[in-house]
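# Okay, predicted coordinates and the sequence, questions at the end:
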Amino acid sequence: MTSMSITNNVYLYFNLIFIFISSKIKEHMGKKLKAYGLFFINTAFLLLFLNLCGLLPYTPALTGQFIFAFFISVTYFVVNGILGILLHKNKIFNLFLPKGVPLFIIPALILIEIISFFSRVLSLAIRLFANIVAGHILLKILISFLHVIVKSHISFLLPSILAIIGIFIIIILEGFIGVLQVYIFNLLLLIYLNGIIELH
């Protein structure tokens, strides 16, 4: 395979990702805030790059660090909040009090809505962090198991062959999970942003 065909394949792959993310943005946001779409696409490619780089030997997975995942989540949370305030001014507080609510449950509902709203930061961070870390832990256990087998001078027996096959399967699954987590992260961001734009 020539370098030109590899370049074309990579370009085609990234173009498909770009088109897919753009279609999801259009589906959830319509024609509103087109400029915000570039922000989502950049985030998708950044997270995809970091997730896949984390599969390389001796390369730490940044998205597997809770503080990094939390930082990304907080950044989007703050940006979405500022955008909501710019769009709706003081009507942004309608997020915490839907219309037509009976008077006696208003205090409890406001408290529940506030907790639900601010827990979005943790839900985004924990979902990304936990899925990446779980796969890496499993991979590390399998590699440690293979290392013990090789050290015991039985490297060509059935256990080592099964361990090697298992490692390759887990690496492929980890790549798939890395791509899936990017999709889920961006989809949730779109849903949260749409909720702020539309209000109740």
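Looks like it came in fine. This is a predicted model, so every value here is computed, not measured. Residues are numbered from 1 along each chain as shown.
# Any idea which helix or strand in this protein has the lowest mean pLDDT?
Lowest by mean pLDDT, DSSP states H and E among the helices and strands of the chain is helix 3-29, with a mean of 65.
# State the distance from residue 75 to residue 187.
Distance from residue 75 to residue 187, counting by C-beta to C-beta, to the nearest Å: 17 Å. The C-beta positions use only the backbone N, C-alpha and C, and glycine is treated the same way.
# With neighbour numbers in mind, choose between the two.
residue 187 (15 against 12; other C-beta atoms under 10 Å).
# which element is the more buried one on?
helix 158-198 (DSSP states H and E).
# what helices or strands is that helix leaning on?
Here helix 158-198 touches helix 3-29, helix 34-53, helix 66-88, helix 106-151, going by 3 or more C-beta pairs under 8 Å, 6 or more residues apart in numbering; DSSP states H and E.
# closest one to residue 181 among these?
helix 106-151 (5.3 Å; C-beta to C-beta).
# Which elements pack onto that closest one?
By 3+ C-beta pairs under 8 Å, 6+ apart, helix 106-151 packs against helix 66-88, helix 158-198.
# Would you mind getting the angle between that helix and helix 158-198?
160 degrees (axes from the mean of the first three to the mean of the last three C-alpha atoms, to 10 degrees).
# Thanks again, I'm all set now.
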